[in-house]
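**Student:** generate a structure from the sequence data that follows.
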Amino acid sequence: MDVIVLGFMLLSLTIWLGLLGFWGQFWRTDQQLEFTETQLESLPVVCAVVPARNEAQLLPTTLRSLLLQDYPGSFNVFLVDDRSTDRTANFAEGVAHAVGKPQQLHIISGESLPPGWSGKLWAVEQGIKSASKFAPDYFLLTDADIEHDSDNLRRLVAKAMQEDLDLVSVMVRLRCESFWEKLLIPAFVFFFQKLYPFRWVNNPNNPTAGAAGGSILIAREALERIGGIQVIRQALIDDCALAKAVKKSRGAGEHTSTTLSNRGSREDKGDKENHAQYLMSNQGRIWLGLSSLTRSLRPYDSLATIWDMVARTAYTQLNYSPLILLGTLVGMPLIYLAPPVCVILGAVWSNWAIAFTGLLGWLLMTFAYYPTIRFYKCSPWFALSLPAIAFLYTLMTLDSALRHWQGRGGAWKGRVYHSPDRT
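**Tutor:** Numbering: from 1, shown residues only. Below you'll find the model as predicted:
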């Protein structure tokens, strides 16, 4: 029995060594938008699209922050009232007048949800259609619960232009005030970074693609190249689906003649091989990082609210696969629970080899989690609780699958979405 337990612990330890050394340095928090220089050589036209469904309570803060962006270029906000019942549109109009920006805000009354669309993406589609009349260079896709730092848009645009990116996205700072938020929200970001290591996402030669839906700046050309929002119209994890579509489009087609003329100075137009290499290296370039200043005001002040948030899309993240679910239910305990369990068993059995390897594994995961805990300014003791946190997330994932099988998966804002095969 001791040999079997030690074998499992050595496997867990090997996995942690592999994650820390060879998994895109996912545990680091140095990919931050605030590290970007904000100097702009030109001022592209930007239109923000904000889907809003019953967000009257948050708009006085969030919409205000968006309208007061320190951006010297042309900037308009298109808020799509997704059939709200709390006078969202009236509150939005009041905010625009209060900050002296009524001409900058355009309120769109959302149409009925057609079959085959998620509510959010249908609202985004309507906003983009209206905003296209301004011929924007970029769309800023943002949620109604996001309070933007005053320089957020300037940084996003500067990042896109300086690095010739098609899509720039930031994981905004999630609310982390209550006990349950401090216990579980930093881990949500940690697990997201493990699924989508930011360095891999930001590497144009790596197929990993991810984004965070709270704040996405996307070039109009890139959106048109992939076929518009309609290509991901059923996606529940729409931000990552959009990033994947943009990154996969690399090399699939050519930019417009206008883009080629603007960028042509960097390529030898007489050399077809260089031209092809140029197209391959300058399409589908995306960037994903953290933001320490732009934040979400959405409260998750109880275990139930966080549980529902995770369970809504966890099984979607597993591609609705029972086999991947089974692997998750086996893998999570092996990676996260085995180390502390082995510390206890090793001490009880006086088997110090098991206890030591368990302790080493626990320290490695604590080391990996600590940068996220520090980023969220939580007590360092929370870093030691990752095994218990992972156990809760495993239960949430199982519950997500159960909800899907019962026809209750993907519930959000009074709507229930099924997987594409059930739609």
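**Student:** quick one, strands of the stretch 251-400 of the chain?
**Tutor:** 286-296 (DSSP state E, counting those that start in this stretch).
**Student:** where does it dip in pLDDT?
**Tutor:** 251-283 (pLDDT under 70).
**Student:** what do you get if the cut-off is 90, keeping everything else the same?
**Tutor:** Confidence mapping of the stretch 251-400 of the chain against pLDDT under 90 gives the ranges 251-284.
**Student:** helices of that one, residue ranges please.
**Tutor:** Along the stretch 251-400 of the chain, the segments classed as helices by DSSP state H, counting those that start in this stretch run 257-263, 272-281, 303-317, 322-332, 338-349, 352-375, 386-405.
**Student:** will you turn those helices into JSON lines that also has mean neighbour count and distance to Asp30?
**Tutor:** Bear in mind the C-beta positions are built from the backbone N, C-alpha and C, glycine included. Putting the helices of the stretch 251-400 of the chain into JSON lines (neighbours: other C-beta atoms under 10 Å; distance: least, C-beta to C-beta, whole Å) gives the following:
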{"stretch": "helix 257-263", "mean neighbour count": "12", "distance to Asp30": "29"}
{"stretch": "helix 272-281", "mean neighbour count": "14", "distance to Asp30": "24"}
{"stretch": "helix 303-317", "mean neighbour count": "19", "distance to Asp30": "25"}
{"stretch": "helix 322-332", "mean neighbour count": "14", "distance to Asp30": "26"}
{"stretch": "helix 338-349", "mean neighbour count": "19", "distance to Asp30": "26"}
{"stretch": "helix 352-375", "mean neighbour count": "19", "distance to Asp30": "9"}
{"stretch": "helix 386-405", "mean neighbour count": "18", "distance to Asp30": "20"}
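**Student:** so can I have JSON lines of those helices showing distance to Trp180?
**Tutor:** JSON lines is the format used below for these (distance: least, C-beta to C-beta, whole Å):
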{"stretch": "helix 257-263", "distance to Trp180": "47"}
{"stretch": "helix 272-281", "distance to Trp180": "45"}
{"stretch": "helix 303-317", "distance to Trp180": "5"}
{"stretch": "helix 322-332", "distance to Trp180": "20"}
{"stretch": "helix 338-349", "distance to Trp180": "21"}
{"stretch": "helix 352-375", "distance to Trp180": "15"}
{"stretch": "helix 386-405", "distance to Trp180": "10"}
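**Student:** quick one: which of these is nearest Leu184?
**Tutor:** Between Leu184 and the helices of the stretch 251-400 of the chain, the tightest spacing by C-beta to C-beta is seen for helix 303-317, at 5.0 Å.
**Student:** run the angle between the closest one and helix 322-332 for me.
**Tutor:** Here helix 303-317 runs at an angle of 130 degrees relative to helix 322-332 (axes from the mean of the first three to the mean of the last three C-alpha atoms, to 10 degrees).
**Student:** distance from the chain centre to helix 303-317, please.
**Tutor:** Chain-centre distance of helix 303-317: 15 Å, with C-alpha atoms, centre = their mean, to the nearest Å.
**Student:** can you give me the angle it makes with helix 386-405?
**Tutor:** Compare the direction of helix 303-317 with that of helix 386-405 by the same axes, to 10 degrees and you get 70 degrees.
**Student:** assign the residue nearest to Ser112 when sequence neighbours are not counted to helix, strand or coil.
**Tutor:** Sequence neighbours aside, Arg83 is the residue nearest to Ser112 in space, at 7.7 Å (criterion: C-beta to C-beta, 6 or more residues apart in numbering). Recorded secondary structure, Arg83: coil (DSSP: H, G, I helix; E, B strand; the rest coil).
**Student:** these two touch, right, Arg83 and Trp122?
**Tutor:** No. Counting by C-beta atoms under 8 Å, Arg83 sits too far from Trp122 to count as a contact (10.3 Å).
**Student:** more neighbours: which of these two?
**Tutor:** Ranked by neighbour count (other C-beta atoms under 10 Å), Arg83 and Trp122 place Trp122 first, with 22 against 17.
**Student:** which SSE is immediately downstream of the helix or strand that one falls within?
**Tutor:** For Trp122, the enclosing helix or strand under DSSP states H and E is helix 119-131. Scanning forward in sequence from helix 119-131 by DSSP H and E, the next helix or strand is strand 138-142.
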